[in-house]
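**Q** Quick one, structure for this:
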Amino acid sequence: MKNKGISREQAIDHIQEMDKDRAHWGRAVWGVEVNDPASFDLVINLDNISVQGAVEIIARALEQEAFQDRDEDRQTFEDALTIARVWAALTRNKPTRTVRIQLECLNGHVTINGDVGSHKMMGAVVSIAEQVEGVQSVTNTISVGSSWLW
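**A** Numbers count the residues shown, from 1 in each chain. The predicted structure follows:
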């Protein structure tokens, strides 16, 4: 409230809007419901545990085998990061900002699926994706025009 110079009601509205945006982002990017505790490996209710207690719980959990770094987890993260970078590059380019495509990434190899309105747009999407850090190759399965039928 103090930082934004707003009332309590406006602050509550702002927080609720941010929560809604984060929930949408979690579904869109990660495919998880961020408000569902079952989506996470560890949930700590800070209403019942102090911050220091939570830190100690997290530190102990990190010692467990289930929380150790694994190569396949690292690669999954790198592939998700690559997809996020491609999306960021596409949204920074006004013509490709609103394309309706799907991206998949496996070991840095990006596959682009979907429909675009023109060959020029398809070329722009592929060209932008190819220039993104982490992209090893791009497989283009984009269709030009609409894939639906009357």
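**Q** quick one: pLDDT of Val144?
**A** Model confidence at Val144, expressed as pLDDT, equals 90.
**Q** My understanding was that it contacts Lys120; is that so?
**A** No: applying CB atoms under 8 Å, one finds Val144 not in contact with Lys120, separated by 9.4 Å. Every residue, glycine included, has its C-beta placed from N, CA and C.
**Q** who touches both of those two?
**A** Shared contacts of Val144 and Lys120 (CB atoms under 8 Å, 6 or more residues apart in numbering): none.
**Q** Can you point out the helix or strand that includes Ser143?
**A** Under the assignment given by DSSP states H and E, the secondary-structure element containing Ser143 is strand 137-144.
**Q** What residues sit buried inside that strand?
**A** Applying a neighbour-count criterion of 16 or more other CB atoms under 10 Å, one finds Val138, Ile142 buried in strand 137-144.
**Q** Strand partners (parallel or antiparallel) of that strand?
**A** If you go by DSSP bridges, strand 137-144 pairs up with strand 109-116 (parallel).
**Q** neighbouring contacts of the partner strand?
**A** 82-83, 86, 99-105, 122, 125-126, 129, 135-147.
**Q** Go again with 6 Å.
**A** In this structure, residues lying in contact with strand 109-116 by CB atoms under 6 Å, 6 or more residues apart in numbering are 99-102, 104, 122, 129, 135-143, 146-147.
**Q** Mind checking what helix or strand follows it in sequence?
**A** Assignment by DSSP H and E places the next element after strand 109-116 at helix 119-130.
**Q** so that next one versus strand 109-116, what angle?
**A** In this structure, helix 119-130 runs at an angle of 160 degrees to strand 109-116, with axes from the mean of the first three to the mean of the last three CA atoms, to 10 degrees as the basis.
**Q** Pull out the buried positions in helix 119-130.
**A** Taking 16+ other CB under 10 Å as the neighbour-count basis, helix 119-130 is seen to contain the buried residues Met121, Met122, Ala124, Val125, Val126, Ile128, Ala129.
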